[in-house]
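K.L.:
3D, please:
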Amino acid sequence: MEPAAAHALPTPADAPAFPDDAVEVARVLGAWGVKGGIKVRPFAADPQALFSSKRWFLRPPEPSRPGLSAAALPALLKVQTARTQGDAVVALVQDLSDRDAAEALKGASVFVSRASFPTPASDEFYWVDLIGLQVVNRADRSLGTVVGLVETGPHCVLRVQPADTAPPVPERLIPFVAAYIDGVDLAARRIRADWDADDA
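P.N.:
Just a heads-up that it's a prediction; the model follows:
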């Protein structure tokens, strides 16, 4: 049997460069149907970032699975149609004409340009925009930097890593809700929270 990567599409000579603002939004699960469709697992419950762009960039996962390399993957998928199917997204892709070629992409990471994301409502934020922001409390004391978020169901929780201190302070978990978050200033890269600096 030929290795899966043997069916991957060659990278077009005119493929655009990988975007500087690329955000990983999904992982290819495998083929869908017999005409070159693919099924992907979005990382967000609402996969609008996938639907907002017709250009999906691919990279092998880390660590790369055997037979799947950057050289074997097409750099870009030009999406014709995409829709949800259960908790996955299925898409038809230009120039991906058969099931073998689609299956060869299994495991690849899907990226889209952050600039293509839909504009969120005034009180909504993309996780990628919150990571790296400084968090301060109402007394202007630094609480640390957002290093990640946790989805708990009813709301998200900020994972805030304090700056190096002696003794070390454990990571703070601050609910991302109006009761604790006074405001988010993306331009200043700052979140103001109603949180005591002595609280974990």
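K.L.:
hey, let's count contacts and neighbours off CA atoms from now on
P.N.:
Will do.
K.L.:
can you pull out the helices in the protein?
P.N.:
Using DSSP state H, the helices of the chain run over residues 48-51, 99-103, 127-130.
K.L.:
just name the most buried of those.
P.N.:
helix 99-103 (a mean of 22; mean count of other Cα atoms under 10 Å).
K.L.:
now do the contacts for the closest residue in space to D194 that isn't next to it in sequence.
P.N.:
Among residues not flanking D194 along the chain, Y180 sits closest, at 4.9 Å (Cα to Cα, 6 or more residues apart in numbering). For Y180, the contacting residues are 174, 193-195, by Cα atoms under 8 Å, 6 or more residues apart in numbering.
K.L.:
now render the helices of the chain as CSV, adding distance to G36.
P.N.:
Formatted as CSV, these follow (distance: least, Cα to Cα, whole Å):
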stretch, distance to G36
helix 48-51, 18
helix 99-103, 5
helix 127-130, 31
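K.L.:
out of these, the one nearest A82 is which?
P.N.:
Among the helices of the chain, helix 48-51 comes nearest to A82, with 6.7 Å by Cα to Cα.
K.L.:
what's the neighbour count on V160?
P.N.:
V160 has 24 neighbours, counted by other Cα atoms under 10 Å.
K.L.:
show the pLDDT at the residue nearest to Q94 when sequence neighbours are not counted.
P.N.:
Nearest residue to Q94, sequence neighbours excluded (Cα to Cα, 6+ apart): K78, at 5.5 Å. What the model reports as pLDDT for K78 is 93.
K.L.:
which one is G148 nearest to, not counting chain neighbours?
P.N.:
R159 is the one closest to G148 (Cα to Cα, 6+ apart), at 5.1 Å.
K.L.:
still on that earlier bit, go ahead and confirm the residue nearest to Q94 touches L58.
P.N.:
No: counting by Cα atoms under 8 Å, K78 does not reach L58; the two are 11.0 Å apart.
K.L.:
these two: which has the busier surroundings?
P.N.:
Just comparing K78 and L58: by other Cα under 10 Å the higher neighbour count belongs to L58, 23 against 16.
K.L.:
how is the protein carved up into domains?
P.N.:
The chain breaks down by automatic domain parsing into domains covering 4-116, 127-193.
K.L.:
which of those has the lowest average pLDDT?
P.N.:
What stands lowest among these, in mean pLDDT terms, is domain 4-116, with a mean of 82.
K.L.:
mind listing what V23 touches?
P.N.:
Counted by Cα under 8 Å, 6+ apart, V23 has contacts 111-114, 128.
K.L.:
tell me which of those residues fall in strands.
P.N.:
111-113 (DSSP state E).
K.L.:
looking at neighbours, which among those residues is most surrounded?
P.N.:
Neighbour max across these (other Cα under 10 Å) = V112, 26 neighbours.
K.L.:
pull the contacting residues for it.
P.N.:
Taking Cα under 8 Å, 6+ apart, we find V112 in contact with 19, 22-25, 49-50, 53, 55-57.
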